[in-house]
Every structure is written in C-alpha cells, then in structure tokens.
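Visitor: My questions concern the predicted model and sequence given below.
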Amino acid sequence: MAEARTPAQIEADIARRRQELAVTLDEIGVRLHPKTIIGDVKAATAAAVDRTAGRAYVAAHRAVSDVRAQLVSEDGAPRLERIVPVAMIGVAVVGLVALRARRRRS
C-alpha cells in the first residue's frame, strides 16, 4: 500500500507543480511572442533563400562549364568551328531585335 502523505508533503508537491507550471507558461509565452515568431520566420526564410541561391549557383556553374566545354578544347584552344556559328546566330538575333525596335518607333 501507498504511504499516507502528510499535509506538508502535499503542500510541497503543489508548490513544486505550480513552479513547473509557471516555467511552462513562461516558455509558451516566449514561443508565442510576436518577436519570436517573426524571428523564426526570418530565419527560415533566410535559410530557404540560401538553399535556393546555392542551387542556382551550382546550376549556373554547371551550365557555364557545359557551354565552355563545347566552345573550348581540352587544351584551352577555342573551337572556331563551334564559336563562329554561335556568334553568327547571336549577331542575327541582336540585329532582329534592333530592327523590330526601330519599326516600333516608326
């Protein structure tokens, strides 16, 4: 059988539980405070932006490396047979854009 508790023991348990409850309520108050919530959202947003920027950097670096591999040989010499057609297409696109812009102004 369980031992009978004295009124002093019961009062001590109540005081201890009140203290634990006060600590718990303080923690909840801090977690639900608008500044805490805003800080948590800012931190999560910054982390998401950092991840996205990192992925974008890796993708851009990979794309540049792929293009460079197509336009430059392994020894670093330009591959004119690939550069000249790409340059001609670029000049043609710029020319078409300029022509279209000129027609719009007229």
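Guide: Received it, and whenever you're ready, just let me know what you need. Numbers count the residues shown, from 1 in each chain.

Visitor: any low-confidence regions in this protein?
Guide: Residues of the chain that meet the criterion pLDDT under 70 lie in 1-2.

Visitor: Just the helices from it, written as ranges.
Guide: Chain-ordered helices for the chain, with DSSP state H as the definition, fall at 7-32, 34-71, 80-105.

Visitor: Columns mean neighbour count on top of the ones you listed, output as TSV?
Guide: C-beta here means a position set from N, CA and C on the backbone, and glycine is covered the same way. Formatted as TSV, the entries for the helices of the chain read as follows, by neighbours: other Cβ atoms under 10 Å:
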stretch	mean neighbour count
helix 7-32	10
helix 34-71	10
helix 80-105	10
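
Visitor: Got the domain ranges for this protein?
Guide: The record, using automatic domain parsing to delimit domains, assigns the chain the ranges 7-71, 79-106.

Visitor: Who are the contact partners of Ser73?
Guide: Ser73 sits next to Arg79 when contact means Cβ atoms under 8 Å, 6 or more residues apart in numbering.

Visitor: Revised request: answer the last question for Ile83.
Guide: The contact partners of Ile83, by Cβ under 8 Å, 6+ apart, come to Leu71.

Visitor: 10 Å instead, please
Guide: With Cβ atoms under 10 Å, 6 or more residues apart in numbering as the criterion, the residues that contact Ile83 are 70-72.

Visitor: Among the residues you listed, which one lies nearest to Ile37?
Guide: Relative to Ile37, the closest of the contacts of Ile83 is Gln70; by Cβ to Cβ it sits at 49.6 Å.

Visitor: residues contacting the residue lying closest to the closest one once chain neighbours are set aside?
Guide: In space, not counting the residues next to it along the chain, Gln70 is nearest to Arg82; the distance is 6.0 Å by Cβ to Cβ, 6 or more residues apart in numbering. Counting by Cβ under 10 Å, 6+ apart, Arg82 makes contact with 70-73.

Visitor: No further queries at this time; thank you.
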